[in-house]
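Novice: give me coordinates for this.
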Amino acid sequence: MSVSQHVHDVPSEDVLAQLVGAATPHFAFQVRDRVAQYAAALPPDHPRQAELAAHLERLDRLGYEGEAGRVSAPDLPPRAPLIPPAR
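Specialist: Coordinates of the predicted model:
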């Protein structure tokens, strides 16, 4: 069996939240494919299908739209420049 044919068990809600929460725009579609495999492994009327569909939607948005960078206060005091400005 190749790696791509391996069937993974559907993880707990906590483990799935960690997997999806750590996804970056660069890897959103790879994580989305894994979550889609989990959804396909469950019956259509399974109670977790709604949760998986919400994760799939979020990962689609993340992959196509990316993430806006957040501006926050610097955690270090400003430093003087190494080269003084020209006069």
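
Novice: so the residue sitting nearest the centre point of the chain: helix, strand or coil?
Specialist: By Cα atoms, centre = their mean, the chain has its centre lying nearest to A23, at 1.9 Å. What DSSP: H, G, I helix; E, B strand; the rest coil gives for A23 is coil.

Novice: next: A68.
Specialist: Taking three-state DSSP as the rule, one finds A68 in the coil state.

Novice: all further residue positions should be reported with the first residue as 434.
Specialist: Got it, the first residue is 434 from now on, which makes the last one we talked about A501.

Novice: what about the strands in this protein?
Specialist: With strands called from DSSP state E, the chain shows none.

Novice: nearest spatial neighbour of the residue nearest to the centre of the chain, skipping sequence neighbours?
Specialist: Leaving aside its sequence neighbours, A456 sits nearest to V464 (Cβ to Cβ, 6 or more residues apart in numbering; 4.3 Å). (Each C-beta comes from the backbone N, C-alpha and C, glycine too.)

Novice: which parts of the chain are helices?
Specialist: Assignment of helices within the chain using DSSP state H yields the ranges 446-454, 461-474, 482-498.

Novice: for the longest one, name the packing helices and strands.
Specialist: Going back to what we said before, that points to helix 482-498. helix 446-454, helix 461-474 (3 or more Cβ pairs under 8 Å, 6 or more residues apart in numbering; DSSP states H and E).

Novice: related to what we said a few turns ago, so what's the residue nearest to the centre of the chain up against?
Specialist: 464, 492, 495 (Cβ atoms under 8 Å, 6 or more residues apart in numbering).
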